[in-house]
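Colleague: Need the 3D shape of this:
(4 chains)
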Protein chains: 2
Amino acid sequence: MPNIPTAPVRLKDIAKDLNVSVMTVSKVVRNCADVGAETRSRVLARIKELNYQPNWVARSLAARRTFMIGVIVPDLMHSFFAEIAKGIGTSIRPLGYDVVICNSEEDSVLEASEIDRLLGRQVDGLILASAQSPSAADVFDRIEARGVPYVLIDRRFPERQASYVGADDEAIGKLATDHLIERGCRRIAHIAGPQPNPGSGRLKGYRAALAAAGIPVNESYILPATDDASGYEATRRLLSLEPRPDAIFGYNDPTAAGAMKAILEAGIRIPEEIKVIGAGNVHYSDLLRVPLSTVDQASTRIGQQAAEILVKAIGAKRKKPVTTLWIEPTLVARESTR
Amino acid sequence: MPNIPTAPVRLKDIAKDLNVSVMTVSKVVRNCADVGAETRSRVLARIKELNYQPNWVARSLAARRTFMIGVIVPDLMHSFFAEIAKGIGTSIRPLGYDVVICNSEEDSVLEASEIDRLLGRQVDGLILASAQSPSAADVFDRIEARGVPYVLIDRRFPERQASYVGADDEAIGKLATDHLIERGCRRIAHIAGPQPNPGSGRLKGYRAALAAAGIPVNESYILPATDDASGYEATRRLLSLEPRPDAIFGYNDPTAAGAMKAILEAGIRIPEEIKVIGAGNVHYSDLLRVPLSTVDQASTRIGQQAAEILVKAIGAKRKKPVTTLWIEPTLVARESTR
DNA sequence: CGCTCTGGCGCAACCGCTTACATCATCGAC
DNA sequence: GTCGATGATGTAAGCGGTTGCGCCAGAGCG
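Modeller: Numbers count the residues shown, from 1 in each chain, chains lettered A, B, ... in the order given. Here you go, the predicted model:
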């Protein structure tokens, strides 16, 4: 039997049924104190009975708050961002917010227009993994002009006074490299990520770790990754070096996986002859031929923290506190560095 | 200089500036015909000048349309769903809709509450990869009672009269198995997915392909996967069978990747001694030690199609057309079945 | 010249809810 | 017995738009 659509129940309907004013019902719904116990329970009963659900559009308009936040990521397909999105969702939904997610496709023009849309929707706050070049960032001015709080994740703009949550790239680089050193490696190569983020921080950590261990940096051991697939190519070049590296630190897991592929293909054993480590702890890391050691950057927590900071900023009266948070990475040692 | 928040421009402001009525401005914004050319351009100019952005909350309330759609997926971390979400977004945004994504965490109670929230937000439509058991599905009744169109993806409920877009699991099973047969395999094992979706369809396709080729089905070659990591375990058991399978079809890529891991670990060569194929075409398939052949299920297109169908249903006057669409899979042959 | 017709514009009434404040018993206190 | 202080309820005025229709000028027509 095809249900025939029914107009949703409104406050007004309940009020009329019970011979009270709309206000009284509204107060009950919002749990206001000043309503009599008996009236309240009558209203509550009717609400349950009719399965009343507040109309959030109307509520938002009147209260000037939508309880929606906007999130912009460059690409949901990157498990890093998917994980962040998930973290944001699970931590902010219990607080009563809904999340509108937009893909910017790594395109700053598209991103700007998405931000404007979200602003038009009156979101209470924004979380951005921005593709903006800091210079062309008058979008940020528009956000600030509205007084809408926002927090940046992953991509940082130090020159802008905004909250930020991200992985501590330098710590990641250091952790990975320290681990390799501890495992006895001395000729440690690095396939570096895009500049400035997250490449430079990880590279810096890599250098720092080597320096701390008194190992001289061999510049020819440092190669740039052009994209996620380029770990393979880079590694083939590394393998032909003399002396050959005894470890490779890929700036992310796909790169490291590509490295492993090249190594195994060359008939070299992992971890006996070359150890490999990545970063990101993507979920397929241990599905690989040799389970990949990695540095977990706690993407879920990045999302959660960002959400938390944002909610706090939304609650703040006038001045928006700016918080900068580096999430500490943790080592996940698997077979590839045994 | 910290921007001091400014109240956003409203229709009223523009109207007052130009000494016209709010109505006129509203009409210009919405491109209504009955506005004089000169007035229109004056208004337009001022709109640009003040960078007016319509308040969608107010607009939604008055027009009784939000131009928002809700999407519920069991887990954004599964690249399959992330891809679908992306497909939905990129195809529906140009039509003026925004997307609210919710994770149900594969929990039907949570899902139901998310749906209610979205309904409360007055979404114009819903796309669901539902975790509901069809029996307990009074949520669907609530959706229908509201007259909100929805389309199901991935998980189907044949007993419910609703639009559906999904991969053609049987075709996937057939395609994969046919490919293995064509490559000369005769002892083809299958690691089957969860019942009923997507496991049973793929299994059915597998059986059909074997039957068509006149190859008898060896029931001991069919093992169930308990989770994504279980391809490894299952394969170890398969390898001890006599005669040993000469091919393995994993119901999805992670399973197939686990299978490859077990095979290589046993010192058996891929594809020379055993060929392997998966399904899903996850992005890391060719990062594996041996690039994995797979069946692409066009997740992006699933999302796009679902969006398209939904928008059509939203536009439909009274009766909501129900469309069922099976997306045809395509073969992606890589090294593992060479 | 009076008529209808049409293009251009505005009035009024909401959409469903909230904010701020007014009203009105009831009650203990002096 | 009168008074402020409660506590419980209702009133009015929006929030920023949209829908539907009414109004008025001028044009076209007989």
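
Colleague: Sketch out the helices for the stretch 201-338 of chain A, chain order is fine.
Modeller: Assigned by DSSP state H, counting those that start in this stretch, the helices in the stretch 201-338 of chain A fall at A:230-239, A:253-265, A:299-315.

Colleague: quick one: which of those is nearest chain B?
Modeller: When the helices of the stretch 201-338 of chain A are compared by CB to the nearest CB, helix A:253-265 sits nearest chain B, at 4.3 Å. No exception for glycine: its C-beta is placed from N, CA and C like everyone else's.

Colleague: Any chance you could list what contacts stretch A:50-64?
Modeller: Surrounding stretch A:50-64, the residues in contact under the criterion CB atoms under 8 Å, 6 or more residues apart in numbering or on different chains are A:8-11, A:13-14, A:29, A:46, A:66-68, A:122, B:57-58, B:60-61, B:66, B:116, B:119-122, B:142.

Colleague: Quick check: residues of chain A near DNA strand D?
Modeller: By CB under 7 Å from any atom of the strand, the residues of chain A that approach DNA strand D are A:19-24, A:27, A:33-40, A:58, A:61-62, A:64.

Colleague: Restricted to buried residues, select the residues you listed in ChimeraX.
Modeller: Of the residues of chain A next to DNA strand D, the buried ones go into a single ChimeraX selection, burial set by 16 or more other CB atoms under 10 Å in any protein chain shown:
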select /A:20,24,27,35,40,58,61
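
Colleague: and the contacts of stretch A:50-64, which are buried?
Modeller: Among the contacts of stretch A:50-64, the ones that count as buried by 16+ other CB under 10 Å are A:8-11, A:13-14, A:29, A:46, A:66-68, A:122, B:57-58, B:60-61, B:66, B:119-122, B:142.

Colleague: Go through those and flag which are in strands.
Modeller: Secondary structure assignment (DSSP state E) places A:Met68 from these within strands.

Colleague: Narrow the buried ones among the contacts of stretch A:50-64 to those in helices?
Modeller: Among the buried ones among the contacts of stretch A:50-64, the residues falling in helices (DSSP state H) are A:11, A:13-14, A:29, A:46, B:57-58, B:60-61, B:119-120, B:142.

Colleague: For DNA strand C, tell me which of those residues show up nearby.
Modeller: Residues of those in contact with DNA strand C (CB under 7 Å from any atom of the strand): A:11, A:29, B:61.

Colleague: Does the first one touch A:Val25 like I think?
Modeller: Yes - using CB atoms under 8 Å, A:Leu11 and A:Val25 qualify as a contacting pair, with a distance of 4.9 Å.

Colleague: Next one, pLDDT for the residue nearest the centre of chain A please.
Modeller: The centroid of chain A falls nearest to A:Ile84 when counting by CA atoms, centre = their mean (3.1 Å). According to the per-residue confidence, A:Ile84 scores 93 in pLDDT.

Colleague: Now do the contacts for the residue lying closest to it once chain neighbours are set aside.
Modeller: Using CB to CB, 6 or more residues apart in numbering or on different chains and skipping the chain neighbours, the partner closest in space to A:Ile84 is A:Gly303 (4.0 Å). Residues counted as contacts of A:Gly303 (CB under 8 Å, 6+ apart) are A:83-89, A:91, A:153.

Colleague: same thing but 7 Å
Modeller: A:84-88, A:91 (CB atoms under 7 Å, 6 or more residues apart in numbering or on different chains).

Colleague: mind putting those residues in JSON lines, secondary structure included?
Modeller: Below are the contacts of A:Gly303 laid out as JSON lines (DSSP: H, G, I helix; E, B strand; the rest coil):
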{"residue": "A:Ile84", "secondary structure": "helix"}
{"residue": "A:Ala85", "secondary structure": "helix"}
{"residue": "A:Lys86", "secondary structure": "helix"}
{"residue": "A:Gly87", "secondary structure": "helix"}
{"residue": "A:Ile88", "secondary structure": "helix"}
{"residue": "A:Ser91", "secondary structure": "helix"}
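
Colleague: and the spatially closest residue to A:Pro194 that is not a sequence neighbour, how many neighbours?
Modeller: In space, A:Pro194 comes closest to A:Ala225 once its chain neighbours are excluded; the distance is 7.6 Å by CB to CB, 6+ apart. Look at A:Ala225: counted by other CB atoms under 10 Å in any protein chain shown, it has 23 neighbours.

Colleague: quick one: A:Ala225 and A:Glu233 touch, right?
Modeller: No - between A:Ala225 and A:Glu233 there is no contact under CB atoms under 7 Å: 8.9 Å.

Colleague: give me the number of residues near whichever residue of the stretch 101-250 of chain A sits closest to chain B?
Modeller: Nearest to chain B, among the residues of the stretch 101-250 of chain A, is A:Gly147, at 2.8 Å (CB to the nearest CB). Using other CB under 10 Å, A:Gly147 has 14 other residues around it.

Colleague: Just want to check the distance between it and DNA strand C.
Modeller: Computed with CB to the nearest atom of the strand, to the nearest Å, the distance linking A:Gly147 and DNA strand C is 17 Å.

Colleague: wait, what's in contact with that residue?
Modeller: Each residue near A:Gly147 by CB under 7 Å, 6+ apart is listed here: B:Pro5.

Colleague: and it, what pLDDT?
Modeller: A:Gly147 is assigned a predicted lDDT (pLDDT) of 89.

Colleague: how near is it to B:Gly231?
Modeller: Taking CB to CB, to the nearest Å as the criterion, A:Gly147 is separated from B:Gly231 by 52 Å.

Colleague: do the same with A:Asp17
Modeller: Separation of A:Asp17 from B:Gly231 (CB to CB): 58 Å.

Colleague: Ok, A:Ala306 next?
Modeller: Taking CB to CB as the measure, A:Ala306 and B:Gly231 are separated by 35 Å.

Colleague: Comparing those two, which residue is more hemmed in?
Modeller: Neighbours around A:Ala306 and B:Gly231, counted as other CB under 10 Å, are more numerous at A:Ala306. The numbers are 33 against 30.

Colleague: Now do the same contact list for that one.
Modeller: Contact criterion CB under 7 Å, 6+ apart gives A:88, A:127, A:151, A:153, A:165 as the residues in contact with A:Ala306.

Colleague: Sort out which of these are in helices and list them.
Modeller: Judged by DSSP H, the contacts of A:Ala306 include A:Ile88 as members of helices.

Colleague: So which of the contacts of A:Ala306 belong to strands?
Modeller: A:127, A:151, A:153, A:165.

Colleague: For these, work out which two are farthest apart.
Modeller: The largest separation in these, counting by CB to CB, is between A:Ile127 and A:Val165 at 8.7 Å.

Colleague: Residues that sit against both of the two, list them.
Modeller: Taking CB under 7 Å, 6+ apart as the contact rule, the neighbours common to A:Ile127 and A:Val165 are A:151, A:153, A:306.

Colleague: The second one and A:Gly199: what is the separation?
Modeller: What that stands for is A:Ile153. If you measure A:Ile153 against A:Gly199 using CB to CB, the figure is 17 Å.

Colleague: So for these two, which residue has more residues nearby?
Modeller: In terms of neighbours (other CB under 10 Å), A:Ile153 is the more surrounded of A:Ile153 and A:Gly199; the figures are 29 against 20.
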